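**Q** The following block contains a protein sequence and its predicted model.
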Amino acid sequence: MLLTFDDGYIDNYTFAFPVLDELGVQGSFFIPGKTFTTYELLDVNKIHYLLASTDIHIILKDLLERMDHYRGNEYSYPSNEELFQEYAKSNRFDSKEVIFVKRMLQTVLPEELRNRIASELFVEHVGISEQQLAHELYMTAEQIRTLKHHGMHIGVHGYDHYWLGNLSKEKMQQDMQKALEIMDEFIDSRKWAMNYPYGSYNEDVIRYAKEHGACVGVTTEVRIADLEIDDVMKLPRLDCNDYPPKSENYKRMGQA
């Protein structure tokens, strides 16, 4: 069994690590380079806190209004109706409205614009500075060193936590190169593990990772991995929400 912990959260260090260390169990911690170097809030967390702070219908209304405001002035993108029809698709955990907000602010809108809108909405609805939250939310480099010293595995999770499969080849390579440079002290550059942010990858991402030393990659595909037949660069995982107390979904996928 492989236990994976994504995104470099401080609670991985304060809660999960002591238990793993006491039991003598190794965990694999996949940490975006940005979290412990600039202490800027990742978009994924900015959006999580925004959604947790305000009713989704209020957030959706504010988002659509801002999309209308910026469309045609500085940025070009389809109408709100077209985008909602294409991207508002519910999944196992989120309503279609939540998914729409996430997709617009994670990957669909131009990067500069989605960062601007996300920050505007964060200021309006969350009531804490992004910098303060980032310092409270993520592990420090010294804490990551402690994990490694105690036998925990450290893996690569990009630099900026982008949807790597949606980036241009050049931008994907820039993000990966930056991640590898920053993570160099924590990984074996000849044999390291990749965890694709949001589970987003394509053949260019896999090729770049393998050419630069990756020997395994984990995705967000939900099932138990079969090491006899699965591509080692596309290994599926079960989410923590597939286990009690959240659910017993794992039972439908075989015993884990």
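**A** Looks like it came in fine.

**Q** Go ahead and confirm Val62 touches Leu121.
**A** For the record, residue 62 is Asp, not Val. Yes: at 6.0 Å, Asp62 counts as touching Leu121 under the criterion of Cβ atoms under 8 Å. Using the backbone N, CA and C atoms, a C-beta is placed for each residue, glycine as well.

**Q** With neighbour numbers in mind, choose between the two.
**A** Legend: neighbour count by other Cβ atoms under 10 Å for Asp62 and Leu121, higher for Leu121 (23 against 18).

**Q** Can you give me the distance of the more buried one to Met104?
**A** 11 Å (Cβ to Cβ, to the nearest Å).

**Q** Common neighbours of those two, please.
**A** Jointly contacting Leu121 and Met104 under the rule Cβ atoms under 8 Å, 6 or more residues apart in numbering are Leu63.

**Q** Average pLDDT for stretch 157-166, rounded please.
**A** Averaged across stretch 157-166, the pLDDT comes to 97.

**Q** tell me the contacts of the nearest residue in space to Ser95 that is not next to it in sequence?
**A** Closest residue to Ser95 apart from its sequence neighbours, by Cβ to Cβ, 6 or more residues apart in numbering: Ile56 at 6.9 Å. Residues in contact with Ile56 (Cβ under 8 Å, 6+ apart) are 95, 97-98, 101.

**Q** any idea how far Gly27 is from Ile56?
**A** In terms of Cβ to Cβ, Ile56 sits 33 Å off from Gly27.

**Q** Next: His149.
**A** Noted for His149: a distance of 14 Å to Gly27, by Cβ to Cβ.

**Q** Who has more neighbours out of these two?
**A** Higher neighbour count among His149 and Gly27: Gly27, with 20 against 8, using other Cβ under 10 Å.

**Q** Report the beta-bridge partners for the more buried one.
**A** Beta-bridge partners recorded for Gly27 (DSSP bridges): Leu3.

**Q** so it sits right up against Ala16, yeah?
**A** Yes: between Gly27 and Ala16 there is a contact under Cβ under 8 Å: 6.4 Å.

**Q** okay, and the common contacts of those two?
**A** Phe5.

**Q** All the helices of this structure, in order from the start?
**A** 10-11, 17-23, 43-53, 56-70, 80-87, 96-103, 111-125, 130-137, 141-149, 169-182, 203-211 (DSSP state H).

**Q** among these, which is nearest Tyr250?
**A** helix 17-23 (19.5 Å; Cβ to Cβ).

**Q** Just the CA coordinates for that closest one, please, in PDB.
**A** Extracted C-alpha coordinates of helix 17-23, given in PDB (Å, rounded to 0.1, in the frame of the first residue of the first chain):
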ATOM      1  CA  PHE A  17       3.700  12.400  10.000                       C
ATOM      2  CA  PRO A  18       3.800  11.700  13.800                       C
ATOM      3  CA  VAL A  19       1.500   8.700  13.300                       C
ATOM      4  CA  LEU A  20       3.400   7.300  10.400                       C
ATOM      5  CA  ASP A  21       6.700   7.800  12.200                       C
ATOM      6  CA  GLU A  22       5.400   6.000  15.300                       C
ATOM      7  CA  LEU A  23       4.100   3.100  13.300                       C
END
